[in-house]
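A.B. asks: Give me a 3D structure for the following:
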Amino acid sequence: MALFNLFNSTPKNNNVDSFQKTNSSESNAVTIPEEIFIERMPPKETVPAAELQKEVAIVNNLDSLFRFLDRNLESKGYDDALMNPDSYHLEQNLDAYRKELLRSIKRVKTFYEDFMKEINYHIESRSRSGMIDTVEELRMKKEIAESHIEKVLKLEIDAINNEGDSQGIIISYTRGFRNGLAAISHHAIINKQF
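C.D. replies: Purely as a prediction, here's the structure:
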């Protein structure tokens with residue numbers, strides 16, 4: 001029992017307590033500015049959910065497809081020819097761009113299919129609620145989406161048949177690749193003095 005009393009009892013003259021009391025009274029006298037130890041970061045800007053949905057729509061709609069088709073791949077083709085001047089390499093890259101285009105078209109078609117399902121639901125539910133003006137606006141949006149779908153389907157047919165607007169990236173890449181081959185020939189053979 002005495003052993004347990006030894007641990008539970010507190011000595012009357014405790015140097016630690018006196019040090020803590022002295023030390024705490026000294027620390028109250030000196031104030032250290034908070035900025036020394038705490039780094040304050042400016043609050044992060046939060047993006048409203050509506051803006052995030054707009055960004056997703058921009059990525060998957062007809063505009064994204066046209067941005068893809070508007071790319072000029074001439075310099076990419078030129079650089080590729082300098083790295084690997086093989087016609088098989090040219091055909092592989094052209095095939096890869098065609099497949100990337102078809103994937104982009106599928107992604108856009110999926111976006112519009114989902115959008116049509118969503119807008120049809122809204123038209124039906126708002127019609128039941130008697131919201132005539134809202135239903136008319138929704139129908140107008142649906143008509144716009146349907147016209148976009150028609151354009152996407154035309155682009156898909158053109159891409160499959162290797163004609164129309166889909167050929168812009170193919171032509172620019174091929175032109176750049178051929179210019180790269182010409183540059184190699186010009187540098188290696190034509191400029192050579194003999």
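A.B. asks: Please verify my assumption that Glu156 contacts Ile105.
C.D. replies: Yes: assessed by Cβ atoms under 8 Å, Glu156 is found in contact with Ile105 at 4.8 Å. Placement of C-beta: from N, CA and C, glycine included.
A.B. asks: Which of those two has more residues huddled nearby?
C.D. replies: Ile105 (21 against 18; other Cβ atoms under 10 Å).
A.B. asks: Now for that one: which residues touch it?
C.D. replies: 65, 152, 155-156, 159 (Cβ atoms under 8 Å, 6 or more residues apart in numbering).
A.B. asks: Now for the closest residue to Phe111 other than its chain neighbours, how many residues are close by?
C.D. replies: Among residues not flanking Phe111 along the chain, Asn60 sits closest, at 3.8 Å (Cβ to Cβ, 6 or more residues apart in numbering). If you count neighbours by other Cβ under 10 Å, Asn60 ends up with 19.
A.B. asks: now Asn60: how far from Lys106?
C.D. replies: 11 Å (Cβ to Cβ, to the nearest Å).
A.B. asks: lowest average confidence, helix or strand, in the protein?
C.D. replies: helix 15-29 (a mean of 51; mean pLDDT, DSSP states H and E).
A.B. asks: Tell me which residues of the strand or helix carrying Ala183 come out buried.
C.D. replies: Using DSSP states H and E, Ala183 falls within helix 167-185. For helix 167-185, burial by neighbour count (16 or more other Cβ atoms under 10 Å) applies to 167, 169-170, 172-174, 176-177, 179-181.
A.B. asks: Can you check what angle separates the lengthiest helix in the chain from helix 167-185?
C.D. replies: Criterion DSSP state H: the longest helix present in the chain is helix 87-128. If you take axes from the mean of the first three to the mean of the last three Cα atoms, to 10 degrees, helix 87-128 sits at 160 degrees to helix 167-185.
A.B. asks: in the helix or strand following helix 87-128, what counts as buried?
C.D. replies: Scanning forward in sequence from helix 87-128 by DSSP H and E, the next helix or strand is helix 132-160. The neighbour-count check on helix 132-160 (16+ other Cβ under 10 Å) flags 135, 138, 142, 145, 148-149, 152, 155-156, 158-159 as buried.
A.B. asks: Format these as TSV; extra columns: pLDDT and distance to Lys117.
C.D. replies: What follows is these, written out as TSV (pLDDT from 0 to 100; distance: Cβ to Cβ, whole Å):
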residue	pLDDT	distance to Lys117
Val135	92	17
Leu138	93	13
Lys142	94	11
Ala145	92	11
His148	92	15
Ile149	93	13
Val152	92	16
Leu155	91	22
Glu156	92	20
Asp158	91	26
Ala159	90	25
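A.B. asks: of all the residues you listed, which comes closest to Ile189?
C.D. replies: Sorting the buried residues of helix 132-160 by how near they are to Ile189, with Cβ to Cβ, puts Ala159 at the top with 37.4 Å.
A.B. asks: And that closest one, how far from Ser172?
C.D. replies: 15 Å.
A.B. asks: again, but for Glu163
C.D. replies: For Glu163, the distance to Ser172 (Cβ to Cβ) stands at 16 Å.
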